[in-house]
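Novice: sequence first, predicted model second:
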Amino acid sequence: MKMKKIALTFGLFAAVLPTFAQYEQIDSNTDLTDTETLYKVSYIGSDALEDPGKQVGGYVTMMQMYYNSENWGEMYENWKWLVKNAPIATVTIYARGAVMLGKMIQAETDVAKKKQYLDELMMLFDTRLKFLKYLNASIPEGKRGRATEGDVLIAKANFYHIYGYGADGSDYTYNKIYDMYAKGIKAIEEEGGREVKGAYIQYFFSVSHELYKLSNDYYREQFLKDYLDSKEVCEKMLQLAKEEQDPEKAQKIVDEYDRPLAVIEQVFAESGAANREQLITMFTPKVEANKTNLAYLRSAMTVLAANDCDDTDVYYKAAEYAYAIEPTYESAIGMASWSKQQGKMQDMLNYYEKAIELCKTDATRGRICLSIASSLINSKQYTGALVYLDKAINYNSDLAGRANLQKAAVSTALGQYDQAVAYCDQAAQADITVSGAAARLSQRIKEAQANVQAAARAKAAYDAYVAKQKAEEDFWGGKK
């Protein structure tokens, strides 16, 4: 039902809306530069109401009351009036309206009705974008409700992702969802000052994964890039947590991004996209075709190195071409890997040192030392790896957590399980951003240690049984 012209106590209204001095028609070109001017504007399509202030306030109050009682049908009627006639009355028109429409889509069985509600849901986000600066102007800095264009776009993508299936027919595709998420993420990155929520990064990557599964391998390279980009966003935010002085705020950042990062890594690991032979087959002709394209060569090296293909001919070839165009620490590391493959260990060390030299800051040098250590661990050169891990910490003490995680991997490979667990504990203490990864690695190490110990006990029991059997055979055979 539509709200009647009831005389509501203005105190209820004042809690939600400012007092409007006059009412004017507005559009997206209206110049509202200050709060006082904003408060003079009410709604589009106004009839000459006897008391328009109370009328708008009454609809807002009724909408919120029905929202609290989850009476979506009654809320819908009040919401429709507000979004048409008072689009800047309160941001809850959009936040709670989106929830309402989502619930109605889920409950509706008629396909045409589902489509109608979905269209209204998408329209709602578009309307919020149209009046975004007006809505933000009425909300103090730092308070909930303020949003950027990117925030609204990515929320629109998320609601479409959740509620569009079954409501948008053949138009509902992963390509469409992917483009919507990508547009929102790009807007947030361009605007600055806000970060993409960890959950949205996870959802975006899940859609990229679905596209990869459906593409018959056509989408593999883009999926690999999406993995690296999604991982990088989470890791950058976790780095901010380490720099945060307030422990409670730091933990909130970790809670926001650690789990999505773990899910992203798990989904990627299980996707099979990092299959070495397939990556080699895919990149070999592309590297040759782009041997004078430094940007592409660097991108290819990044993807290959991130997927344990930094010991392949195609990676070495990309590094060789890139180093010839312009020596960088990335291509120097590639040349070091190629030298190692050729058994030219001194050349390998020279290129590694060249890579460190080409870095402009100690922070980058520290990260390169971590990369060098990782490469040495992969080739089972554990002593050299430990040397570069210590170098990484000396260049940049903030890397102590990540370096200790790699030291834990070295100790595990050497069968030094207790030391490996100790390194995990040290990593978590040194760097809150790796605390989740450290805890998971520590658990896996303990499980591996238990398995080794169980295997040792089983072998000891078997050896004792064999010795006993042999002793009995020797006795009955007259050998003793």
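Specialist: Ah, there it is.
Novice: pLDDT at G193, what is it?
Specialist: Model confidence at G193, expressed as pLDDT, equals 53.
Novice: oops, could you answer that again for L414 instead?
Specialist: Turning to L414, the model gives it a pLDDT of 90.
Novice: so it sits against Y382, correct?
Specialist: Yes - using Cβ atoms under 8 Å, L414 is in contact with Y382, at 6.5 Å. Backbone N, C-alpha and C define where each C-beta goes, glycine included.
Novice: quick one: which of the two has more around it?
Specialist: Using other Cβ atoms under 10 Å, the more surrounded residue of L414 and Y382 is Y382, with 17 against 11.
Novice: the more buried one and N394: what is the separation?
Specialist: For Y382, the distance to N394 equals 19 Å [Cβ to Cβ, to the nearest Å].
Novice: for Y76, same thing?
Specialist: 64 Å.
Novice: who has more neighbours out of the two?
Specialist: Per other Cβ under 10 Å, whichever of Y76 and N394 has more neighbours is Y76, with 18 against 14.
Novice: distance check, the more buried one against T92.
Specialist: 14 Å.
Novice: can you check T328 too?
Specialist: Distance, T328 to T92, by Cβ to Cβ: 51 Å.
Novice: which one of those two has more residues nearby?
Specialist: T328 (20 against 17).
Novice: phi first, then psi, for the closest residue to the more buried one other than its chain neighbours.
Specialist: Closest residue in space to T328, ignoring its immediate chain neighbours: L358 at 6.0 Å, by Cβ to Cβ, 6 or more residues apart in numbering. Note on L358: its backbone torsions stand at phi -80, psi -10 [degrees, to the nearest 10].
Novice: how far does the helix or strand where A98 lies sit from the chain's center?
Specialist: According to DSSP states H and E, A98 maps onto helix 92-107. Relative to its chain's centre, helix 92-107 lies at 25 Å (Cα atoms, centre = their mean, to the nearest Å).
Novice: mind listing what the closest residue to W81 other than its chain neighbours touches?
Specialist: Nearest residue to W81, sequence neighbours excluded (Cβ to Cβ, 6+ apart): Y59, at 5.4 Å. Residues near Y59 by Cβ atoms under 8 Å, 6 or more residues apart in numbering: M3, N78, W81, L82, A86, A89.
Novice: what is the nearest of those to E210?
Specialist: The shortest approach to E210 among the contacts of Y59 belongs to L82, at 36.2 Å (Cβ to Cβ).
Novice: just the pLDDT at the closest one, thanks.
Specialist: For L82, pLDDT reads 90.
Novice: now name the helix or strand holding the spatially most central residue of the chain.
Specialist: By Cα atoms, centre = their mean, the chain has its centre lying nearest to I201, at 3.4 Å. Assigned by DSSP H and E, I201 belongs to helix 198-214.
Novice: strands of the stretch 251-400 of the chain, residue ranges please.
Specialist: Under the criterion DSSP state E, counting those that start in this stretch, the stretch 251-400 of the chain contains no strands.
Novice: ok, the nearest residue to V254 once chain neighbours are set aside - contacts?
Specialist: Among residues not flanking V254 along the chain, A241 sits closest, at 5.1 Å (Cβ to Cβ, 6+ apart). Taking Cβ under 8 Å, 6+ apart as the contact definition, A241 lies against A250, Q251, I253, V254, Y257, I432, T433.
Novice: which one is the third one nearest to, not counting chain neighbours?
Specialist: Closest residue to I253 apart from its sequence neighbours, by Cβ to Cβ, 6+ apart: A241 at 3.8 Å.
Novice: quick one: that neighbour from A187, how far?
Specialist: The gap separating A241 from A187 is 24 Å, by Cβ to Cβ.
Novice: what's the answer for Y296, then?
Specialist: Distance, Y296 to A187, using Cβ to Cβ: 26 Å.
Novice: just the helices in the stretch 351-480 of the chain please.
Specialist: In the stretch 351-480 of the chain, the helices defined using DSSP state H, counting those that start in this stretch lie at 362-378, 382-395, 400-413, 417-430, 435-476.
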